[in-house]
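1. Take a look and give me a structure for this.
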Amino acid sequence: MPAAHTASTQTAKQQWATGLTAFAAVMLVLAGMLDVFRGIMAIAHDDVFLATRSYVFRFDLTGWGWIHLILGAVALLVGFGLFGGALWARVGGVVIASLVIIANFLSLPYYPVWSIVLMAFSGFVIWALCVGRQGASGMFD
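-> Numbers count the residues shown, from 1 in each chain. Here you go, the predicted structure:
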């Protein structure tokens with residue numbers, strides 16, 4: 001292969017990897033913000049939540065609020081770390097997005113639409129971080 005073709009292919013791959021990392025960062029920040037809002041609403045006992053009586057994973061609404069608030073805050077921090085392309089943020093992004101999916105699945109009966117949206121956002125984050133090149137540099141380099 002000619003050197004010019006290899007260089008342009010490598011550049012395209014780097015751009016693709018950087019784009020996926022940027023996508024994951026934005027999606028994780030959005031999921032984190034939505035989870036923080038959900039946590040605040042649950043702690044304040046907002047009327048948007050459903051009351052379920054016979055649910056296996058039933059916690060107090062305030063307990064779910066703190067879980068979502070903490071997960072959302074960590075997701076925000078990791079999401080902002082992804083903008084720098086840090087390896088810890090890539091690994092942390094997959095871990096926190098997985099925890100967000102689990103927490104939203106377990107609290108699904110309390111606010112189903114919001115839970116499904118956050119689960120989808122987090123699934124896209126995991127996908128983008130797993131397909132992106134491992135050594136991708138930061139977006140602002």
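2. Low-confidence ranges, this protein, go.
-> Residue ranges of the chain with pLDDT under 70: 1-10, 46-59, 133-141.
3. can you map out the strands along it?
-> Counting by DSSP state E, one finds no strands in the chain.
4. any idea how far Leu34 is from the residue nearest the centre of it?
-> Geometric centre of the chain, nearest residue: Leu28, 3.4 Å, by C-alpha atoms, centre = their mean. Separation of Leu28 from Leu34 (C-beta to C-beta, to the nearest Å): 11 Å. Just so you know, the C-beta spots here come from the backbone N, C-alpha and C atoms, and that holds for glycine as well.
5. overlap in contacts of those two?
-> Contact criterion C-beta atoms under 8 Å, 6 or more residues apart in numbering; residues shared by Leu28 and Leu34: Phe121.
6. What is the burial count for Leu108?
-> A count of neighbours around Leu108, defined by other C-beta atoms under 10 Å, yields 18.
7. Tell me which residues touch it, please.
-> 115-116.
8. wait, isn't Phe83 in contact with Phe23?
-> No: with contacts counted by C-beta atoms under 8 Å, Phe83 stays clear of Phe23, the gap being 11.5 Å.
9. in the protein, which helix has the most residues?
-> helix 3-43 (DSSP state H).
10. just checking, what packs against that helix?
-> Judged by 3 or more C-beta pairs under 8 Å, 6 or more residues apart in numbering; DSSP states H and E, the packing partners of helix 3-43 are helix 61-82, helix 87-106, helix 112-131.
11. out of those, which comes closest to Ala17?
-> helix 112-131 (8.5 Å; C-beta to C-beta).
12. Name the residues of the closest one that are buried.
-> 114-115, 118-119, 121-129 (16 or more other C-beta atoms under 10 Å).
13. From Ala73, how far out is Gly32?
-> Using C-beta to C-beta, one obtains 7 Å as the distance from Gly32 to Ala73.
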